[in-house]
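> from the sequence below, what's the structure:
(one chain, ligands or ions: 2)
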Amino acid sequence: MITLVETVGALRFPSPATLTCMPTPQEILEELKKVRYPGFTRDIVSFGIIKDIEIAQSGVTVIVNATPNTKPEILDQIAAEIEGKIAAMTGVPGIKVQFEQAPAARGGPAAMPARRTIPGVEHVLAVASGKGGVGKSTVAVNLALAIGALGMRVGLMDADVYGPSVAMMLGAGRQVRVTPQRRIVPLERFGIRYISMALFVGDETAVIWRGPMVTKLESEFLFNVEWGNLDYLILDLPPGTGDAQLTITQRVVLDGGVVVTTPQEIALLDVKRGVAMFQQVHVPVLGVIENMSYYLCAKCGHRHELFAHGGGKRFASLLDVPFLGEVPIVRQIREGGDSANPIVATNPGHPVSATFKSIAANIISRLAVSNARPPA
Ligand SMILES: Nc1ncnc2c1ncn2[C@@H]1O[C@H](COP(=O)(O)OP(=O)(O)OP(=O)(O)O)[C@@H](O)[C@H]1O
Ligand SMILES: [Mg+2]
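Ligands and ions are numbered 1, 2, ... in the order given. Sure, this is the predicted structure:
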């Protein structure tokens, strides 16, 4: 990332006598910090795409790094917003936004840190949601177990440092060990290796992490855990599409992303954001899962449509991404999550466990197609 000092240091300063009314490079950079990278909560300066700012008598030129595969509409949006912000500053006679092609890291803007693979881990999948509370962790845990039930070696990383819930849902105590090489040994339950912030601080502790600490922690969980040989590592991302999610998509080579939603319109609008987040950084969207799709009565087996179900499918089709399946509201799903006995592990014969396995099989086959790399 280009820091303020480096950026300012790289600027070509015109003669002060001719440009007394022009804003300073720092002032321009401050304005650019108010422009968000489309689809993200992060600004374009911290995203590292501002390469240079040139100030001349004719006006200001902002040079932006763009990877070759950044969509033209994204570039247009960035240019329009930069122009809008600088035009609002006094003393700028003209503005030019110039895109420079930079070599693409695997996905994502050029100045991002290079993404790494995790030694021994064949595929990494991220489970995301545009909105909180839609059952992302529940889906991530049961999906991990369903992939495991298909004969794969699976790990689960709770990337939600602010609201970790994987440890509660899988629960195998808190005895995290560290190797003499200072690597974290994940816990294991039902054959799933997992790691969660709750194992270090407890479920009830309110964790106040600042951005850089979150970044460091996410990296530790990805690269400093003895995952061993895994066919799949599933990442339960925090809800939303902010910095923590972005850090992950920037640091590790992701094979695919899954977006979880509920059928209410309010959640569906956020599907778009979740899908866009993966698309912006060129991670294949494996599909959308509609959770709490309808209510399955334990007594009569009747299906009740509490919300207008089917919105997930409709949105997936609108966004041109696959629809992976519907998971009903079932009491045992909640009870299984609360008591560290997830339904796929403890009641494999339940219709919902079959649903998770079919979604898992669907994901595996889509992954095989999307990166032409069959599962190990
Ligand atoms: N299909 C379902 N049927 C019944 N209960 C469910 C279902 N899915 C999730 N729940 C329950 O809903 C609550 C929220 O689920 P969960 O914690 O998985 O959501 P989340 O999206 O991960 O939330 P957060 O945004 O806080 O991370 C939990 O109590 C969980 O047991
Ligand atoms: Mg969660």
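> with adjacent residues omitted, what lies nearest to the residue nearest the centre of the chain?
Geometric centre of the chain, nearest residue: residue 245, 3.7 Å, by CA atoms, centre = their mean. Closest residue to residue 245 apart from its sequence neighbours, by CB to CB, 6 or more residues apart in numbering: residue 237 at 5.1 Å. (C-beta placed from N, C-alpha, C; glycine too.)
> what's the neighbour count on that neighbour?
29 (other CB atoms under 10 Å).
> equivalent analysis for the one 10 residues further on, please.
With neighbours defined by other CB under 10 Å, the count for residue 247 comes to 22.
> that one - nearest residue in space that isn't next to it in sequence?
Using CB to CB, 6+ apart and skipping the chain neighbours, the partner closest in space to residue 247 is residue 215 (4.8 Å).
> that older thread, may I have the helix or strand harbouring the residue nearest to the centre of the chain as CSV, with CA atoms only?
Element membership for residue 245 (DSSP states H and E) is helix 243-251. The C-alpha trace of helix 243-251 is given here as CSV (Å, rounded to 0.1, in the frame of the first residue of the first chain):
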residue,chain,number,x,y,z
ASP,A,243,-12.2,-4.6,6.2
ALA,A,244,-11.9,-8.0,7.8
GLN,A,245,-13.5,-9.7,4.9
LEU,A,246,-11.4,-7.8,2.5
THR,A,247,-8.2,-8.7,4.4
ILE,A,248,-9.0,-12.4,3.9
THR,A,249,-9.9,-12.1,0.3
GLN,A,250,-6.6,-10.2,-0.2
ARG,A,251,-4.3,-12.6,1.8
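> which elements pack onto that helix?
strand 121-128, helix 211-223, helix 265-280 (3 or more CB pairs under 8 Å, 6 or more residues apart in numbering; DSSP states H and E).
> packing partners for the last one?
In terms of contacts (3+ CB pairs under 8 Å, 6+ apart), helix 265-280 is packed against strand 121-128, helix 243-251, strand 256-261, strand 285-296, helix 311-319.
> again, 10 Å this time
Helices and strands touching helix 265-280, as assessed by 3 or more CB pairs under 10 Å, 6 or more residues apart in numbering; DSSP states H and E, comprise helix 72-87, strand 121-128, helix 243-251, strand 256-261, strand 285-296, helix 311-319.
> quick one: the residue nearest to the centre of the chain and residue 162 touch, right?
No. Using CB atoms under 10 Å, residue 245 is not in contact with residue 162, being 11.9 Å away.
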